Each structure stands twice: as C-alpha cells, then as structure tokens.
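Asks: Next input, structure requested:
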Amino acid sequence: MKFRMVDRILTWQPRRMIRGIKAVSFEEYELRERLGDEPCLPESLVMEALFQLGNWLVVLSTDYTQMGLVVQWDEIRFPGRFRPGQRLHMEVNVRTWRDDGIVLDGSASDGDRVVAIGSRCVAVPVLLADYHDPDDLRVLFSEICSSDPPHAMRGLSSLTPDP
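Replies: Below is the predicted model:
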C-alpha cells in the first residue's frame, strides 16, 4: 500500500523550493481522536506529506533520475493540529544541495496557522529507477499538477517550474 500524501504541486523551483497541498476529507481513516479532542491528522502523516513533497523536488530537479532517502532531521515541531476538511499547505526549501546530500526545511499550515515545522532534514540522493518507475511518476506528476476548474483551486502553476 502506498500513501499518496501530496494532492497538488502548486509551484516549484529546481534545487530551491516546492509548494503543495494535501487535502484531508472528513472520512479519511488515518484521523484519530486524542483523549476526547476532535479528530486530527496524526503528526507522523503530516511529516510524511512534507517528506513526499521534498522528494518531489528532488525528482523534478533531477529530471526523474534521482530521489531522496531521508536519513536524519534535526528538529520537528507541531505547534498546531490539522483537522479534517482542511487543506494542508506545505512548503519545502533547500538549505544546501550537494551530490552526497540535500538539506531541506519544511513547514505546513492550515492556511492561517502553522501546524508543523521541520528543520535540517537530510536526504541522500539515490537512483530513482531503483525504487520507482520514472514513467509512472511522470504520469502521477501530470495528474497532481493538472488544472482544476477556477473555483476548485486557484493559483495553480503550469507543469513547468517557476523561473
């Protein structure tokens, strides 16, 4: 089973940054209630969404030849909770990009308040074809970057990176 935690890629700049969205419905099974609180997306899945978005940046920046394997991160904080029916707005920025490792920072918000912050995530670049079919990912990318009707999702970029 694969968890697809990035529903839309809004914009990206090779080896610099990427922005995307994860929409969470009221029916998603990974939501849980904590000690009588309202259901929320578990923190581990919020971080997985950020990791996947960062990995998309590696894949896109290397023209589907590499992906990143997360090997460490320095800090992860969860100043808020992400509730059903919201859109998780995510951004991942590159601190450094070298052949032996990529250092990324990421954050996720519900649009108004930050719900997760990850600092100094280290990903080691590996050959994409050893883990995924690049052609399958090209198809997936075309699906998650396709335009929706204007009322459904405003501000989507085209399939090419920002300059």
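Asks: quick one: buried residues of stretch 110-124?
Replies: Neighbour counts over stretch 110-124 (16 or more other Cβ atoms under 10 Å) mark 110, 115-118, 121-124 as buried. C-betas here are computed from N, CA, C, even on glycine.
Asks: Could you do stretch 58-66 as well?
Replies: For stretch 58-66, by 16+ other Cβ under 10 Å, it's 58-62, 64, 66.
Asks: Any chance of TSV for the residues you listed, columns distance to Met5?
Replies: Formatted as TSV, those follow (distance: Cβ to Cβ, whole Å):
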residue	distance to Met5
Val58	15
Val59	14
Leu60	16
Ser61	19
Thr62	21
Tyr64	19
Gln66	20
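Asks: Summarise which helices and strands the longest helix along the chain is packed against.
Replies: For the chain, the longest helix by residue count, based on DSSP state H, is helix 43-61. If contacts are counted by 3 or more Cβ pairs under 8 Å, 6 or more residues apart in numbering; DSSP states H and E, helix 43-61 sits against strand 8-13, strand 17-23, strand 66-72, strand 87-98, strand 101-109, strand 114-127, helix 134-144.
Asks: contact partners of it?
Replies: 3-6, 9, 12, 14-15, 17-18, 20, 22, 30, 66-68, 70, 76, 78, 82, 88, 90, 92, 94, 97, 102, 104, 106-108, 115-116, 118, 121, 123, 125, 128, 137, 141, 161 (Cβ atoms under 8 Å, 6 or more residues apart in numbering).
Asks: rewinding a little: adding distance to Gly54 and mean pLDDT as columns, could you present the helices and strands packed on helix 43-61 in a markdown table?
Replies: Formatted as a markdown table, those follow (distance: least, Cβ to Cβ, whole Å; pLDDT from 0 to 100):
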| stretch | distance to Gly54 | mean pLDDT |
| --- | --- | --- |
| strand 8-13 | 11 | 96 |
| strand 17-23 | 7 | 95 |
| strand 66-72 | 7 | 96 |
| strand 87-98 | 4 | 97 |
| strand 101-109 | 5 | 97 |
| strand 114-127 | 7 | 96 |
| helix 134-144 | 15 | 95 |
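Asks: so can I have a markdown table of these showing distance to Cys40?
Replies: Putting these into a markdown table (distance: least, Cβ to Cβ, whole Å) gives the following:
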| stretch | distance to Cys40 |
| --- | --- |
| strand 8-13 | 21 |
| strand 17-23 | 13 |
| strand 66-72 | 23 |
| strand 87-98 | 11 |
| strand 101-109 | 13 |
| strand 114-127 | 9 |
| helix 134-144 | 24 |
